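Q: got a predicted structure plus its sequence, pasted below:
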Amino acid sequence: MVLEELGPDKTVCLPRHCECEIEAPLCAGWLNPLKMKAISDLAGPQVLDKAFRYKLIGSHSGVKLCRWTKSMLRGRGGCYKHTFYGIESHRCMETTPSLACTNKCVFCWRHHTNPVGTEWRWKMDPAETILQESVEKHQNMIHGFRGVPGVLPERYEEGMAVKHCALSLVGEPIMYPEINTFLRLLHTRRISSFLVTNAQFPEEIRTLVPVTQLYVSVDASTKDSLKKIDRPLFKDFWPRFLGSLKALGEKSPCMSNNCSRSSIGLFTFAASNGSRTQSKSSVETGGK
């Protein structure tokens, strides 16, 4: 773990250097809050912007054009959300109101360029601003496909009107203190919501307003394997994990508009957790 001194009161572990254990209290992924108020000022999110073509929004949010959005604009196939839930990828906006996360998963496709931490310590932008800028920047990226060979004109026109929002871009969206306001704003605009959470916030799951599709990631079936694969920062990560599955199971069944469709995402990795199918089956019953 590489530490950089910022002053007598604070030490920071930058995410691109951090190889910390659960017990390392300094691996919080943020700079001194008295000196740094925006996640977007950190080096990691700037890499997201330049290398992964993210569009940063305000202090702590981002939006990106998904590869499946580009695929459907050309009349090709969509992602699994289209197969399972009928979500049209060319009309789907992938965004996050929190670039920060509580885990440092070994499989993270963002290469740990986003900050990590166990609580919110950022200057907070209002939900209205985040949603408005997300839609505007998403539309600007769609606009770049106008007249591109292979892009279907009718798909382009449809793509300019956001109908779905996937809160699964990077980080942990449920950490954002105004997540419920953000979800209500989406639904007011008749935009469906697809929220992915990492099973570390049971109380937040319980108090979450109805989501069109609530999706909890289950990356391991035992305490040791979860620590190895997800590398969570919470010391009580296992009770939080089990509590999240229980909270998911307590959500209202979809028999009215005031409900959330919910599912558990089981992820299998070669030579990591693929041999624990039976254990995963047992864990899964916690969220039934």
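A: All right, it came through fine.

Q: where's the closest residue to K55 other than its chain neighbours, which helix or strand?
A: Nearest residue to K55, sequence neighbours excluded (CB to CB, 6 or more residues apart in numbering): K137, at 4.2 Å. In this view, the C-beta of every residue, glycine as well, is placed from N, C-alpha and C. For K137, the host element (DSSP states H and E) is helix 127-143.

Q: from memory the residue nearest to K55 sits against G58, does it?
A: No: counting by CB atoms under 8 Å, K137 sits too far from G58 to count as a contact (11.1 Å).

Q: dihedrals phi and psi, T95?
A: Phi and psi for T95, reported as degrees, to the nearest 10, are phi -150, psi 180.

Q: for K64, what are phi and psi?
A: phi -150, psi 150.

Q: partners of it in the sheet?
A: Beta bridges link K64 to E94, judged by DSSP bridges.

Q: what about it, neighbour count?
A: Around K64 sit 21 other residues, with neighbours defined as other CB atoms under 10 Å.

Q: residue ranges of the helices in the stretch 151-288 of the chain, please?
A: Along the stretch 151-288 of the chain, counting by DSSP state H, counting those that start in this stretch, helices occupy 153-159, 179-188, 202-206, 223-230, 237-250, 277-284.

Q: in a markdown table: these, plus mean neighbour count.
A: As requested, those are arranged in a markdown table below (neighbours: other CB atoms under 10 Å):
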| stretch | mean neighbour count |
| --- | --- |
| helix 153-159 | 16 |
| helix 179-188 | 19 |
| helix 202-206 | 18 |
| helix 223-230 | 17 |
| helix 237-250 | 19 |
| helix 277-284 | 14 |
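
Q: so which of those helices comes closest to G144?
A: helix 153-159 (10.4 Å; CB to CB).

Q: where does the stretch 51-200 of the chain dip in pLDDT?
A: 51-52, 110-113 (pLDDT under 70).

Q: what residues does stretch 186-200 touch?
A: Residues outside stretch 186-200 that contact it (CB atoms under 8 Å, 6 or more residues apart in numbering) are 81, 85, 87, 93, 101-103, 131, 162-168, 172-174, 183, 204-205, 208, 211-218, 230, 232, 234, 237, 240-241, 244-245, 265.
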